[in-house]
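K.L.:
build the 3D model from these lines:
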Amino acid sequence: MIRKPKYFFVAFGRTHSNRHPVEGGCYPHSRGYVSSQQVALGDVMLLYCVRGYPEFDQEAPGIGVVIKIELREDEEVIFYQYLPLNKPVDWNTLKVSIKELRDCTNFSLKGNWLRGIHKDSFKKAILGHEVDWP
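P.N.:
Okay, the predicted model is just below:
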């Protein structure tokens, strides 16, 4: 039996934008954070770029579908298929749409980089946006 996907909000920072760009399909995180969220193959992530991120300043330019997870000694890595949206979702829309972001928007804290969100929050956030299929 195949389980339904879970949905996540994932923040990308400017500091690592050269090594791990949002379009790159690889999201490394500190040990314990990916496994504690129980991210699994087929889960869907809304990919958000924080203030100062090149090209996508405070925008979610796409979604990622989890295709592989590696639990390494010093980090946990999510590999995903990047699917760009026809236009990025702006920060104000995200704040209003995703109730799980309320009071948790300090992205300098590791615990706020990856968090589960409800499917309805995800759908509301991308309403009016379409995948720009490659």
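K.L.:
check which helices and strands whichever strand or helix holds K123 sits against.
P.N.:
Take DSSP states H and E as the rule and K123 turns out to sit in helix 119-126. Contacts defined by 3 or more Cβ pairs under 8 Å, 6 or more residues apart in numbering; DSSP states H and E place helix 119-126 against strand 7-12, strand 44-49, strand 59-71, strand 75-90, helix 91-97. C-betas here are computed from N, CA, C, even on glycine.
K.L.:
same thing but at 7 Å, please
P.N.:
strand 44-49, strand 75-90, helix 91-97 (3 or more Cβ pairs under 7 Å, 6 or more residues apart in numbering; DSSP states H and E).
K.L.:
the lowest-mean-pLDDT helix or strand in the chain: how far from the chain's middle?
P.N.:
Sorted by mean pLDDT, DSSP states H and E, the helices and strands of the chain end with helix 33-37, the least confident at a mean of 84. Distance of helix 33-37 from its chain centroid, counting by Cα atoms, centre = their mean, to the nearest Å, is 13 Å.
K.L.:
ok, and the closest non-adjacent residue to D74?
P.N.:
Spatial nearest neighbour of D74, excluding adjacent residues (Cβ to Cβ, 6 or more residues apart in numbering): R31 at 6.2 Å.
K.L.:
the one you found: neighbour count?
P.N.:
13 (other Cβ atoms under 10 Å).
K.L.:
isn't it up against V77?
P.N.:
No. If you go by Cβ atoms under 7 Å, R31 and V77 don't touch, sitting 10.5 Å apart.
K.L.:
ok but D103 is inside a helix, no?
P.N.:
No. Applying DSSP: H, G, I helix; E, B strand; the rest coil, one finds D103 to be coil, outside a helix.
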